[in-house]
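Q: Could you work out the structure for the sequence below:
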Amino acid sequence: MLRTYLLLCCSLVSFTAYADPNVWLLIDTTARKIEVKKGEQTLEILSEIAIGRGGAGLKGHRGDNVTPFGSYRIGWVGEKSSFRRFFGLNYPSAEDAEKALGKGVIDRLTYERIITAHQFHQIPPQNTPLGGQIGIHGLGRADARIHKAFDWTHGCIALTNTQIDHLSQLIDTGTVVKIK
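A: You can find the predicted model right below:
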């Protein structure tokens with residue numbers, strides 16, 4: 001009986017898909033593409049992405065519609081998002097917090113909350129003056145023609161629904177995402 005249980009458990013585990021920990025994403029906001037990489041090798045390219053209405057760069061504050069440059073990890077996955085799927089980034093990073101503290105955008109307590117979250121591999125506070133809820137998502141019911149015509153997000157990276165469904169098979173929480 002124990003052997004049957006072990007066989008059943010092992011066979012269930014073998015059918016469960018997990019993202020390869022060596023896979024990471026390079027988001028090129030100028031070329032409007034995501035490179036799915038394993039080490040330095042590019043496995044595939046997802047093109048015609050949309051970014052924030054405010055462009056990409058140093059995110060100054062919540063509501064600026066800027067897609068932030070930096071290195072992040074996927075902190076959570078929203079399967080029931082209005083954008084089909086949502087891969088939330090662990091934004092703001094420690095580096096984002098340090099720059100914001102230096103510019104007076106956040107106070108010392110907020111800075112320490114962000115740093116502590118990163119030290120314990122938790123999602124940093126999402127309600128700071130730096131904003132939050134930055135991620136990679138699909139269109140949901142949005143118009144694909146708008147997606148192709150201009151950048152429309154509030155700072156996220158948007159893909160078509162087909163692209164986000166495909167990407168969801170390659171990434172998971174913990175996947176590194178570098179935005180340039």
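Q: what's the following helix or strand after the single longest strand found in the chain?
A: Longest strand in the chain, counting residues (DSSP state E): strand 70-81. Downstream of strand 70-81, the first helix or strand assigned by DSSP states H and E is strand 84-89.
Q: picking up where we left off before, and for the longest strand of the chain, what's in contact with it?
A: 85-91, 93, 95-96, 123, 134-138, 140, 168, 171-179 (C-beta atoms under 8 Å, 6 or more residues apart in numbering). Where you see a C-beta, it was placed from the backbone N, CA and C, and this is true even at glycine.
Q: one more time with 7 Å, if that's ok
A: 85-91, 93, 95-96, 123, 137, 171-179 (C-beta atoms under 7 Å, 6 or more residues apart in numbering).
Q: Next, the angle strand 84-89 makes with that strand.
A: The directions of strand 70-81 and strand 84-89 differ by 150 degrees, with axes from the mean of the first three to the mean of the last three C-alpha atoms, to 10 degrees as the criterion.
Q: Show me the strands paired with strand 70-81, marking each as parallel or antiparallel.
A: Strand pairing for strand 70-81, using DSSP bridges, gives strand 84-89 (antiparallel), strand 176-179 (antiparallel).
Q: nearest to G55, of those?
A: Closest to G55 of the strands paired with strand 70-81, according to C-beta to C-beta: strand 176-179, at 12.0 Å.
Q: what is the mean pLDDT for that closest one?
A: For strand 176-179, mean pLDDT rounds to 98.
Q: can I get the strands paired with strand 70-81 in JSON lines with distance to H154?
A: Formatted as JSON lines, those follow (distance: least, C-beta to C-beta, whole Å):
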{"stretch": "strand 84-89", "distance to H154": "12"}
{"stretch": "strand 176-179", "distance to H154": "15"}
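Q: Tell me which of the ones you listed sits nearest to L109.
A: strand 84-89 (22.5 Å).
Q: Toward the C-terminus, what is the element adjacent to that closest one?
A: Per DSSP H and E, strand 84-89 leads on to helix 94-103 as the next helix or strand towards the C-terminus.
Q: buried sites along that next one?
A: Residues A94, D96, A97, K99, A100, L101 are the ones in helix 94-103 that count as buried (16 or more other C-beta atoms under 10 Å).
Q: Nearest spatial neighbour of the first one, chain-adjacent residues omitted?
A: Spatial nearest neighbour of A94, excluding adjacent residues (C-beta to C-beta, 6 or more residues apart in numbering): H118 at 5.0 Å.
Q: With the last one instead?
A: Beyond its immediate neighbours in the sequence, the residue positioned closest to L101 (C-beta to C-beta, 6+ apart) is Y111, lying 4.4 Å away.
Q: No further questions, thank you.
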